[in-house]
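>>> below is the sequence, then the predicted model.
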Amino acid sequence: TTDEVYEAVGRPLVGRAKAGQVGVVFAYGQTGSGKTHTMNGLMDCMIADLFAADAEGGVAPTVSFSYLEMLGNDVNDCLTADGAGGDEAKD
């Protein structure tokens, strides 16, 4: 489940981010295997956890996310409204 993936992968990365470090999740697999669904759920959980301190009266952290889809030589930014903004990969 997404919760199990979050506990195994996401929560440790949130701890790293709160400590000022960088975290990366790389999902690789066959088309239709659930990568996008899992990543969307994982991001929702991570964002909620990152900003929980703000809801408790703490200081909201400054974070940045990149969510890219790479297929062959095409790279698409999944956080843009239309999924465009992609570019062909450069050697």
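Here it is on my side, so go on.
>>> any idea which element the nearest residue to Val22 once chain neighbours are set aside lies in?
Sequence neighbours aside, Arg16 is the residue nearest to Val22 in space, at 7.3 Å (criterion: C-beta to C-beta, 6 or more residues apart in numbering). In this view, the C-beta of every residue, glycine as well, is placed from N, C-alpha and C. Counting by DSSP states H and E, the element that carries Arg16 is helix 11-18.
>>> which elements pack onto that helix?
On a contact count with 3 or more C-beta pairs under 8 Å, 6 or more residues apart in numbering; DSSP states H and E, helix 11-18 meets helix 35-50.
>>> quick one: the helix it packs on to helix 11-18, angle?
Counting by axes from the mean of the first three to the mean of the last three C-alpha atoms, to 10 degrees, helix 35-50 lies at 50 degrees to helix 11-18.
>>> pull out the buried positions in helix 35-50.
Under the neighbour-count criterion of 16 or more other C-beta atoms under 10 Å, helix 35-50 has 38-39, 41-43, 45-46, 49-50 buried.
>>> give me the contacts around that helix.
By C-beta atoms under 8 Å, 6 or more residues apart in numbering, the residues outside helix 35-50 that reach it are 2-3, 5-6, 9-11, 13-14, 17-18, 25, 27-29, 61, 63, 65, 67, 69, 78.
>>> just the buried members of those residues?
With burial judged by 16+ other C-beta under 10 Å, the buried subset of those is 2, 5-6, 10, 13-14, 17, 78.
>>> turn the residues you listed into CSV, including distance to Gly34.
As requested, those are exported to CSV (distance: C-beta to C-beta, whole Å):
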residue, distance to Gly34
Thr2, 10
Val5, 10
Tyr6, 14
Gly10, 16
Leu13, 19
Val14, 22
Ala17, 24
Cys78, 15
